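Student: have a look at this prediction, sequence included:
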Amino acid sequence: MSPAIIPDFPPSHFPAGTTVKYTRVLDDFPPGDGWAYTIYLNGLTGKFSKAATVQDAATFLITFLPADTETLTPGPYRYAERLSNSVTGEVFDIRGDELVIVIEPDAASSAAGTFQTFEEKTLAVLEAAISGNLSGGVQSYQIAGRAVAKYQLPELMKLRGMFRAAVWRQQNPGNLGQPYKVEFTPGREANDVPPTWTDITGFNS
């Protein structure tokens with residue numbers, strides 16, 4: 001089996017509690033010149049940092065171990081890549097507008113339903129409302145600030161169609177909608193045209 005490909009930039013997302021590796025080559029801050037690299041992740045309820053090891057004179061290797069992220073709350077984390085030089089005392093951050101890593105739930109330890117999208121959850125509520133099986137807790141569910149129990153049946157049917165389409169697109173990425181087989185009735189053939197005088201008598205007019 002071929003070894004895993006290690007990217008040369010921070011990941012945009014990864015599941016909590018998994019091993020993540022990437023390398024960084026920064027021409028202005030080579031480890032051979034005394035530079036050290038540390039990445040800092042800061043989220044809504046948690047944060048952590050990880051220092052790189054030196055792979056060679058030009059390359060940093062960063063490794064997130066499962067223990068580093070398994071207790072972090074899933075969600076977006078703003079990150080900063082910090083370069084520091086113990087010889088010169090200089091410290092620089094690599095900045096940008098979209099420096100965000102999304103830590104996803106661990107599928108192995110997450111409760112059932114963790115990965116349901118808003119559209120999937122809403123569709124289930126609409127189906128329950130239409131079938132008349134709303135429980136007390138579900139009745140308080142709101143769509144656009146309005147309790148589901150307050151919707152009339154035609155409105156619920158319309159919403160169900162919209163959310164069914166949205167869920168289908170999520171489950172079938174790259175497709176705009178569910179394909180349907182359509183058959184067209186063939187047009188009248190030439191022999192369906194009424195006969196002419198010549199056809200009946202054999203004489204030309």
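Tutor: Structure's in. What do you need? Numbers count the residues shown, from 1 in each chain.
Student: in this protein, which spans are strands?
Tutor: Taking DSSP state E as the test, the strands found in the chain are 13-15, 20-24, 35-42, 47-51, 53-56, 59-64, 75-85, 91-94, 100-104, 142-143, 146-147.
Student: listing partners with orientation, what would you give for the first one?
Tutor: Yep, that's strand 13-15 we're talking about. strand 100-104 (parallel) (DSSP bridges).
Student: got the contact list for Val87?
Tutor: Neighbour list for Val87: Gly34 [criterion: C-beta atoms under 8 Å, 6 or more residues apart in numbering]. Any C-beta I mention is one placed from the backbone N, CA and C, and that applies to glycine too.
Student: hmm, I typed the wrong one, I wanted Pro15.
Tutor: Here Pro15 is in contact with Ile103, Glu104, Pro105, Asp106, Ala107 (criterion: C-beta under 8 Å, 6+ apart).
Student: just the buried residues out of the residues you listed, in ChimeraX syntax.
Tutor: To isolate the buried ones among these in ChimeraX, judged by 16 or more other C-beta atoms under 10 Å, type:
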select :103,105,106
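Student: okay if I get the contacts of Pro15 as TSV plus distance to Met157 and pLDDT?
Tutor: Shown next, in TSV, are these (distance: C-beta to C-beta, whole Å; pLDDT from 0 to 100):
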residue	distance to Met157	pLDDT
Ile103	38	93
Glu104	34	91
Pro105	33	89
Asp106	38	84
Ala107	34	83
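Student: okay, now Leu61: neighbour count?
Tutor: Leu61 has 16 neighbouring residues, counting by other C-beta atoms under 10 Å.
Student: touching, it and Val54? I think so.
Tutor: Yes. Counting by C-beta atoms under 8 Å, Val54 is a contact partner of Leu61 at 7.4 Å.
Student: before we move on, back to that, for Gln170, which of the strands of the chain is the nearest?
Tutor: strand 100-104 (15.8 Å; C-beta to C-beta).
Student: keeping just the C-alphas, turn that closest one into PDB.
Tutor: The C-alpha coordinates for strand 100-104 follow below in PDB (Å, rounded to 0.1, in the frame of the first residue of the first chain):
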ATOM      1  CA  VAL A 100     -10.200  28.700   9.600                       C
ATOM      2  CA  ILE A 101     -10.000  25.000  10.400                       C
ATOM      3  CA  VAL A 102     -13.300  23.100  10.900                       C
ATOM      4  CA  ILE A 103     -13.000  20.300  13.400                       C
ATOM      5  CA  GLU A 104     -15.700  17.700  12.700                       C
END
